[in-house]
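*Asks:* Provided below are the primary sequence and the corresponding predicted coordinates.
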Amino acid sequence: MSTSGVMTPAATGATPARRGGLMLAVGAILLAVAIVASLAIGPIFIAPANILVILADAVQGVRPTDGIAMRDAVVVLDIRLPRTVLTALVGGALAVAGAVLQGVFRNPLADPGLVGVSTGAAFAAVLWIVFGGVVGIYLPQILLAFALPISAFLGSLISTILLYSLATREGRTSVAMLLFAGIALGALAAAGTGLVIFVASDQQLREFTFWTLGSTGGASWLKVGIALPFFAALFAGSFWLARGLDALAIGEAEAFHMGVDTQWLKRLAIVLVAAGVGAAVAISGVIGFVGLVVPHLLRLSAGPMHDRLLIGCALSGAALLIASDIVARTVAAPAEVPIGVVTAIIGAPYFLYLVHRNRAALGG
Amino acid sequence: MLIGRRITVAVKGKTLLQDVDLSLSPGQVLAVVGPNGAGKSTLLKAMTGERKTTAGEIELDGRALWHWPAAALASRRAVLAQSTEVVFPFLVSEIVTLGMRGKLTAAEQQRIVQRALAAVDMSAMADRIYGTLSGGEKQRVQLGRVLAQVWSCGCTYLMLDEPTSNLDLAHQLLILRLAREHARSGGGVLMILHDLNLASMAADQIVALKDGNRIASGAPVEVMTDDLIAALYGVRAQVRGVPEGPFLLPQTARLLA
């Protein structure tokens, strides 16, 4: 089965504008706007000018001590800032992980949420929360602090390796096998997650919707700190993979001919994706479609070269998820809609459009 | 020197190549011919290091091929595979740029990319999306990428799997001229060709494969005989005979531009 038809744009020979640098600037501006909006919007609106003053003071270690100024500083620095930073990291990581996963599978439909990678992470995270105490007493303290993201990382690593071995034969990935195997793995992991949650009814577990549709509520600097090393590994490592992923897009054998150690490249890429997705799921549950929509739109605007693409994904993925989070916490205020509902409303139609446009390559 | 001795490749009990000897020296153009399924591509893949051999040995510059890391290998040889499908909407110029190896300045990169695009007659389509090209155009872009690799790091060996299969007459001749030029400048070229006329024209040496065995090897004049054609393809043809009716003699063909 050919995978090529899926990737080529509908454009028939028109010269596409390659405004890579411009797209990165647009991504950075969108992210800055999203961050300010996220800090400003909520039950109490805080003017952007005040936010900048609060942030500038905080950088110098100064916090207001009276009245409304103190209240605003608490809201911005202690409530909204950790949530915004966490959301930005998760969004950037999901988009970069999506782009890397698509590079490895040589397929633009490989979204960590769609093909069961995130669900595998959620299952492993839930297993750790319920049963981890049994082994936890034998673990050193430092490892224990990171045990949740490490479990989620292992869960998404196992899912990705299973998926790869099911969908790929001799370096060629079947689009149908990728999606079908991903759906099956995802359904199995989600069923396992549900079973553990309803049987254990553990206080720490939060709700089933957290593990299926995600939430960035309950963010704290501790959670950001615990997940940060995993995100840092993904961001730093994947930019290093950029040239190899470019070569892999031309072909598995071709990449080898061009000097890329493809086995090593794919292993490293899969570990990095699992690290990023695992950490994201551990702190914010399963959030779908960010890893699908962001890389695809960026390939069309900034081009598919991975050095630019991955930076663009980090910026735009962060901006998109912050925007989704603002919607999720305001649309039904004071209640919060799971953030995965918002990303699915944007992403699922986009996925349908992609599938529809490439139906020939999918055998439909 | 790239030397293969008694190369044997077997998959699931089926022997694809049996004790094939092949050596390629700088300055030489070597063409591999034979019917479909004779093992030509398997032989080329073994010689590039892409495919593991079941038995036999392959040496590049006196060192066993499987001891070469992928990156070092790519600085010594470049490969054009058959029918390459590219995922994601890359531009023609980006594909060629990806072939580049080593640390080069932006100006040097630019110069090599333009030279490679010109060499395969694709300069006018540098900004097109690869996926929208025809089969022959795609083949030329891939060859341009291979040339960018050769010129950016001074690869000695060039291995081409049916480089002319999708091309019109003029572009077939263009590719053969590039192969000859590479050999003249001290490189070695190994290519699989189906067209016996083109092979006779471009190669210093022809190796004929059938059912995984090497059944002939030597200069075109020695190898290209009626008996070999019969043995290879089960076809009776007169080599150097003149068929009835109009015919085109590619040996007399020269590029006009």
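*Replies:* Looks like it arrived, so ask away.
*Asks:* going forward, measure contacts and count neighbours with C-alpha atoms only.
*Replies:* Fine.
*Asks:* so A:V117 is in contact with A:S156, correct?
*Replies:* Yes: under the criterion of Cα atoms under 8 Å, A:V117 makes contact with A:S156 at 4.9 Å.
*Asks:* what's the overlap in contacts for these two?
*Replies:* Taking Cα atoms under 8 Å, 6 or more residues apart in numbering or on different chains as the criterion, A:V117 and A:S156 both touch A:274, A:277.
*Asks:* so who does A:D111 touch?
*Replies:* A:98, A:101-102, A:288-292.
*Asks:* repeat the analysis, applying 10 Å as the threshold.
*Replies:* Contact analysis of A:D111 by Cα atoms under 10 Å, 6 or more residues apart in numbering or on different chains lists A:94-95, A:97-102, A:117-118, A:179, A:182, A:288-293, A:295, A:351.
*Asks:* whichever of those end up buried, select them in ChimeraX.
*Replies:* Here is the ChimeraX command that picks out the buried ones among the contacts of A:D111, judged by 16 or more other Cα atoms under 10 Å in any protein chain shown:
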select /A:94,95,97,98,99,100,101,102,117,118,179,182,288,289,290,291,292,293,295,351
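*Asks:* so which of the contacts of A:D111 reach chain B?
*Replies:* A:Q102 (Cα under 10 Å from any Cα of the partner chain).
*Asks:* inside helices: which ones of the contacts of A:D111?
*Replies:* A:94-95, A:97-102, A:117-118, A:179, A:182, A:290-293, A:295, A:351 (DSSP state H).
*Asks:* helices of the stretch 101-250 of chain A, start to end?
*Replies:* Using DSSP state H, counting those that start in this stretch, the helices of the stretch 101-250 of chain A run over A:117-136, A:141-145, A:147-167, A:175-200, A:208-213, A:221-240, A:242-250.
*Asks:* need the residues of the stretch 201-350 of chain A near chain B, please.
*Replies:* A:243-244, A:246-262, A:296, A:299-300, A:303-305.
*Asks:* so where's the stretch 101-250 of chain A shaky on pLDDT?
*Replies:* Along the stretch 101-250 of chain A, the parts satisfying pLDDT under 70 run over A:171, A:201-206.
*Asks:* count of neighbours near the residue of it at minimum distance from chain B?
*Replies:* Nearest residue of the stretch 101-250 of chain A to chain B: A:I250, at 4.5 Å (Cα to the nearest Cα). Number of residues near A:I250 (other Cα atoms under 10 Å in any protein chain shown) recorded here: 20.
*Asks:* give me the pLDDT value at the residue in chain B that chain A sits nearest to.
*Replies:* Closest contact between chain B and chain A, by Cα to the nearest Cα, is at B:A71 (3.9 Å). Listed pLDDT for B:A71 reads 94.
*Asks:* ok now do the closest residue to it other than its chain neighbours, which residues does it touch?
*Replies:* Computed as Cα to Cα, 6 or more residues apart in numbering or on different chains, the closest residue to B:A71 that is not its neighbour in sequence is A:G259, at 3.9 Å. Residues near A:G259 by Cα under 10 Å, 6+ apart: A:244, A:247, B:69-75, B:77-78, B:99, B:101, B:149.
*Asks:* could you do A:S118 as well?
*Replies:* A:94, A:111-112, A:124, A:152-153, A:155-157, A:159-160, A:186, A:189-190, A:211-212, A:274, A:276-282, A:285-288.
*Asks:* for the stretch 1-150 of chain B, which segments count as strands?
*Replies:* B:2-11, B:14-24, B:29-33, B:55-60, B:63-64, B:77-80 (DSSP state E, counting those that start in this stretch).
*Asks:* so can I have a markdown table of these showing mean pLDDT?
*Replies:* A markdown table is the format used below for those (pLDDT from 0 to 100):
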| stretch | mean pLDDT |
| --- | --- |
| strand B:2-11 | 95 |
| strand B:14-24 | 95 |
| strand B:29-33 | 96 |
| strand B:55-60 | 95 |
| strand B:63-64 | 94 |
| strand B:77-80 | 96 |
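*Asks:* okay, these in JSON lines with distance to A:N107 next?
*Replies:* Shown next, in JSON lines, are the strands of the stretch 1-150 of chain B (distance: least, Cα to Cα, whole Å):
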{"stretch": "strand B:2-11", "distance to A:N107": "29"}
{"stretch": "strand B:14-24", "distance to A:N107": "31"}
{"stretch": "strand B:29-33", "distance to A:N107": "34"}
{"stretch": "strand B:55-60", "distance to A:N107": "35"}
{"stretch": "strand B:63-64", "distance to A:N107": "35"}
{"stretch": "strand B:77-80", "distance to A:N107": "23"}
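*Asks:* which one of those lies closest to A:A318?
*Replies:* strand B:77-80 (39.9 Å; Cα to Cα).
*Asks:* show me what residue of chain A gets nearest to chain B.
*Replies:* A:G259 (3.9 Å).
*Asks:* Three-state assignment for that residue, please.
*Replies:* Classification of A:G259 by DSSP: H, G, I helix; E, B strand; the rest coil places it in coil.
*Asks:* okay, it: pLDDT?
*Replies:* Value for A:G259, per-residue pLDDT: 95.
*Asks:* got phi/psi on it?
*Replies:* The phi/psi pair for A:G259 (degrees, to the nearest 10) reads phi 100, psi 10.
*Asks:* cool, and B:K210?
*Replies:* The phi/psi pair for B:K210 (degrees, to the nearest 10) is phi -140, psi 130.
*Asks:* now do the same contact list for it.
*Replies:* When contacts are counted by Cα under 10 Å, 6+ apart, B:K210 touches B:16-17, B:33-40, B:216, B:231-233.
*Asks:* switch the cut-off to 6 Å
*Replies:* For B:K210, the contacting residues are B:34, B:38, by Cα atoms under 6 Å, 6 or more residues apart in numbering or on different chains.
*Asks:* tell me how far the residue nearest to the spatial centre of chain B lies from B:Q18.
*Replies:* Geometric centre of chain B, nearest residue: B:L160, 1.6 Å, by Cα atoms, centre = their mean. Applying Cα to Cα, to the nearest Å, the value for B:L160 to B:Q18 is 21 Å.
*Asks:* contact partners of the one helix or strand A:G27 maps to?
*Replies:* Following DSSP states H and E, one finds A:G27 within helix A:20-40. With contacts defined as Cα under 6 Å, 6+ apart, helix A:20-40 is touched by A:46, A:76, A:80, A:302, A:312, A:315-316, A:319.
*Asks:* buried residues in that helix?
*Replies:* A:20, A:23-24, A:27-28, A:30-31, A:34-40.
*Asks:* quick revisit: which of the contacts of A:G259 are buried, as a ChimeraX select command?
*Replies:* Selecting the buried subset of the contacts of A:G259 in ChimeraX, with 16+ other Cα under 10 Å as the burial test, is done by:
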select /A:244,247 /B:70,73,74,75,77,78,99,101,149
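*Asks:* got a list of what A:P64 touches?
*Replies:* A:M70.
*Asks:* doesn't it fall inside a helix?
*Replies:* No: looking at A:P64 with three-state DSSP, it is coil, so not inside a helix.
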